[in-house]
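**Q** okay, predicted coordinates and the sequence, questions at the end:
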Amino acid sequence: MDKQKQEAWKVFQIMSEFVNGFEQLSPIAPAVTMYGSARLKADHPDYKRTEAIALALSNAGFSIISGGGPGLMEAANKGAFAGASSSIGLNIQLPHEQKANAYQDINISFRHFFARKVMFVKYATAYVVLPGGFGTLDELAEILTLIQTGKSRKIPIILVNETFWRGLLDWFSDTLIAEGTISESDLELIQICETPDEVLNAIFDFYEQRGFAPSAKEEQVLLEL
């Protein structure tokens, strides 16, 4: 098959990923997307903290969406799997690192990062971001950009483990704000929490005056992601 035909058929493969994701995830609201490193093992303090946060969120009625792989993604799914709500893994096919963990009620596999990213955002009531590497930073920057530009609805963005994140946040303040590349108000999109109770309170406080479901205006925004 020549290159032009291969690219044409690739469109159908991409479409199938979106359709499959929409069909499986649309019933799971409210949900919290949790990110974190694939490389931190079960004996790491952040693994245990991630598991505890996911369990608390699950028992509070939130489905948990993770990247579906090992490390802190596994911890998020493991906590949710032990709780009352759904544990969802959005796996990505990679040459290394990514292998689906065993703690998933719904397991969706993606070839394309961009299709997977839409699913993380579209169905999230909140983002809980644990320590991680380039992938975690990419997802954090993505949700900040989408909210900042009005391409997604505003939701809580919660960073866990201030010691890990403080250098980045200081750089945001000391360099990005100082140089005028972001506004001071952009940092108001981010909260820092340490415990499961703090995470729960941050989410419930945000939605205290409204329901978890997107408004009609927000639904339209999410349709245009």
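**A** Yep, it's here.

**Q** which residue packs closest to Thr145, ignoring adjacent ones?
**A** Lys151 (7.7 Å; Cβ to Cβ, 6 or more residues apart in numbering). Yep, even glycine has a C-beta here, placed from its N, CA and C like the rest.

**Q** which helix runs longest in the protein?
**A** Counting by DSSP state H, the longest helix found in the chain is helix 3-25.

**Q** so which bits of the helix or strand bottoming out on mean pLDDT in the chain are buried?
**A** The least trusted helix or strand in the chain, going by mean pLDDT, DSSP states H and E, turns out to be helix 3-25, with a mean of 90. Within helix 3-25, the residues that qualify as buried are 17-18, 21, 24-25, counting by 16 or more other Cβ atoms under 10 Å.

**Q** what packs against that helix?
**A** Secondary-structure packing of helix 3-25 (3 or more Cβ pairs under 8 Å, 6 or more residues apart in numbering; DSSP states H and E): strand 106-110, helix 113-122.

**Q** could you redo these as JSON lines and give each row mean neighbour count and distance to Ala29?
**A** Output for these, formatted as JSON lines (neighbours: other Cβ atoms under 10 Å; distance: least, Cβ to Cβ, whole Å):
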{"stretch": "strand 106-110", "mean neighbour count": "18", "distance to Ala29": "13"}
{"stretch": "helix 113-122", "mean neighbour count": "19", "distance to Ala29": "10"}
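
**Q** which of the ones you listed sits closest to Leu200?
**A** For Leu200, the closest of these is helix 113-122, at 20.3 Å, according to Cβ to Cβ.

**Q** what helix or strand does the residue most central in space within the chain sit in?
**A** Nearest to the mean C-alpha position of the chain, counting by Cα atoms, centre = their mean, stands Thr33 at 3.4 Å. Element membership of Thr33, judged by DSSP states H and E, is strand 31-35.

**Q** what's that strand in contact with?
**A** By Cβ atoms under 8 Å, 6 or more residues apart in numbering, the residues outside strand 31-35 that reach it are 25, 50, 53-54, 57, 62-67, 72-73, 76, 86, 88, 120-121, 123-130, 132, 135-136, 139-140, 203.

**Q** got the buried residues for the helix or strand following that strand?
**A** Counting by DSSP H and E, the element after strand 31-35 in chain order, helix or strand, is helix 45-59. By neighbour count on 16+ other Cβ under 10 Å, the buried set for helix 45-59 is 46-47, 49-59.

**Q** Arg29 should be in a strand, yeah?
**A** No Arg there; residue 29 is Ala. No - looking at Ala29 with DSSP: H, G, I helix; E, B strand; the rest coil, it is coil, so not inside a strand.

**Q** count of neighbours near the residue lying closest to Leu72 once chain neighbours are set aside?
**A** Closest residue to Leu72 apart from its sequence neighbours, by Cβ to Cβ, 6+ apart: Gly36 at 2.7 Å. Gly36 has 29 neighbours, counted by other Cβ atoms under 10 Å.

**Q** mind listing what Gly36 touches?
**A** Contacts of Gly36 (Cβ under 8 Å, 6+ apart): 46, 50, 66, 71-73, 75-76, 129-132, 136.
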